[in-house]
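> quick one, what's the 3D model for this:
(one chain, ligands or ions: 1)
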Amino acid sequence: MKTLIAYYSRTGVTRKAAEKLQKAAGGNLFEIKGTKDYGNYFTALGIARKEFSENELLEVTESVAAFDSYERILLGFPIWFSKCPQLILSFVSQYDFGGKDVYPFCTSGMSGADQAVELLKAACKGATVHNGLRMNKADESTIQKWLGGISS
Ligand SMILES: Cc1cc2nc3c(=O)[nH]c(=O)nc-3n(C[C@H](O)[C@H](O)[C@H](O)COP(=O)(O)O)c2cc1C
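Down below sits the predicted model:
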């Protein structure tokens, strides 16, 4: 199954999770990048809070080549205010997710992915959005179970 692992990471924790998933499941890595500098944790809180309150769609600087050719999309992000960053919704809005299997994964201080998964279900029209996985402590067998044992 052709797999894309698309992720956003501000400080590198989700990047490491994405790389771990690539080892476990195969697939191509794609880093979602925006144009904003969120600065330190405290300035990031302020900027992100404003993005949420305005439901802002952000510029995503690069596109996925041949997005249509992927059947399975592992979509990763840090949890921000119990949700996925607006950059993730902005990324999703650029593509046709019809018929695709989406596996949301996150890293966080403690929050799970549930609210983000609900947002992604609404945003990824026509896709099957699977349960989310918080990657902070996920081991190999948890990852395989989450993916239903399908490797690419
Ligand atoms: C703006 C902002 C909001 C956050 N909100 C939450 C939250 O609601 N719950 C939580 O457990 N962690 C929260 N965190 C912590 C991050 O989810 C966590 O540090 C994450 O692993 C960072 O991943 P990254 O290095 O890939 O950016 C927040 C961090 C930032 C910067």
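
> alpha carbons only for contacts and neighbour counts from here, please
Will do.

> which SS state does the most centrally placed residue in the chain fall under?
The centroid of the chain falls nearest to G76 when counting by Cα atoms, centre = their mean (2.5 Å). Under DSSP: H, G, I helix; E, B strand; the rest coil, the three-state class of G76 is strand.

> roughly how far apart are the residue nearest to it when sequence neighbours are not counted and S53?
With sequence-adjacent residues excluded and distances taken as Cα to Cα, 6 or more residues apart in numbering, G76 is closest to Y7, at 4.2 Å. To S53, Y7 is 23 Å away according to Cα to Cα, to the nearest Å.

> likewise for Y38?
Y38 is 16 Å from S53, by Cα to Cα.

> more crowded one of these two?
Legend: neighbour count by other Cα atoms under 10 Å for Y38 and S53, higher for Y38 (14 against 8).

> buried stuff in stretch 109-124?
Residues of stretch 109-124 classed as buried by neighbour count (16 or more other Cα atoms under 10 Å): 111-117, 120-121, 123-124.

> is the ligand contacted by that stretch?
Yes: Stretch 109-124 reaches the ligand (Cα under 6 Å from any ligand atom) through 109-111.

> report the distance from that stretch to the chain centre.
Distance of stretch 109-124 from the chain centroid (Cα atoms, centre = their mean, to the nearest Å) equals 9 Å.

> what about the residue nearest to G76, how many neighbours?
Neighbourhood size, Y7 [other Cα under 10 Å]: 25.

> just to revisit the earlier point, reformat the residues of stretch 109-124 next to the ligand as TSV; add pLDDT.
Shown next, in TSV, are the residues of stretch 109-124 next to the ligand (pLDDT from 0 to 100):
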residue	pLDDT
G109	98
M110	97
S111	97
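
> list the residues that contact G76.
Taking Cα atoms under 8 Å, 6 or more residues apart in numbering as the contact definition, G76 lies against 5-8, 14, 18, 104-106.

> swap the cut-off to 7 Å and go again
Residues near G76 by Cα atoms under 7 Å, 6 or more residues apart in numbering: 6-8, 14, 18, 104-106.
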